[in-house]
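A.B. asks: What follows is a protein structure lacking sequence information:
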């Protein structure tokens, strides 16, 4: 699995610019869509190959997994929109908009975790706990690889002395 994830990671980050000073929302959205499409195909292949499900486990797992991924993708859609909004307002992001983005970011992350936690019981009905741990490990690794191009491609927000607050 390490070789597969490393290969995917390297293929996805080729050509990225690391020292950007501006960002385009459309480009971010397109990158996110490409990465997501590629990773969804690779995700299923990786999970199928690495989870080693019996036929009975597989028959129970895959329908649950489809519902699970559908809910996760709802949060990925929200994340994609958040990234695009950030990119579109990158040069003139207000404190109010930044605060809303922070709130949205944490709501998305917490929502994703809630979905993962809610599906534990359903997955445990069809597979042993050790396989479920392996599944969530793979999900975390795949998500990290999928997010890497975006993390590398989106520059840090610049701040200036005028962004300092008097903290007396």
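C.D. replies: Alright, I've got the coordinates. Given the structure is predicted, the values throughout are model-derived calculations rather than measurements.
A.B. asks: how much space between residue 106 and residue 153?
C.D. replies: Relative to residue 153, residue 106 is positioned 22 Å away (CB to CB, to the nearest Å). Where C-beta positions appear, they are placed from N, C-alpha and C, glycine not excepted.
A.B. asks: Pick out whichever of these two has more residues nearby.
C.D. replies: With other CB atoms under 10 Å as the criterion, residue 106 and residue 153 differ in neighbour count, and residue 153 comes out ahead with 21 against 10.
A.B. asks: Could you pull up phi and psi at residue 126?
C.D. replies: When quoted as degrees, to the nearest 10, the phi and psi of residue 126 stand at phi -120, psi -10.
A.B. asks: Okay, now the unreliable bits of this protein?
C.D. replies: In the predicted model, the chain carries pLDDT under 70 at residues 1-25, 28-29, 32, 36, 38, 163-168.
A.B. asks: just the helices in it please.
C.D. replies: Per DSSP state H, the chain has helices spanning 2-13, 25-51, 55-88, 95-118, 120-124, 129-153. These are given in chain order.
A.B. asks: Any chance of a markdown table for those, columns distance to residue 159?
C.D. replies: Written out in a markdown table, the entries for those read as follows (distance: least, CB to CB, whole Å):
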| stretch | distance to residue 159 |
| --- | --- |
| helix 2-13 | 26 |
| helix 25-51 | 20 |
| helix 55-88 | 15 |
| helix 95-118 | 10 |
| helix 120-124 | 40 |
| helix 129-153 | 19 |
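A.B. asks: Looking at those helices, which is nearest to residue 160?
C.D. replies: In this view, the helices of the chain are compared for proximity to residue 160 by CB to CB, and helix 95-118 is the closest at 13.1 Å.
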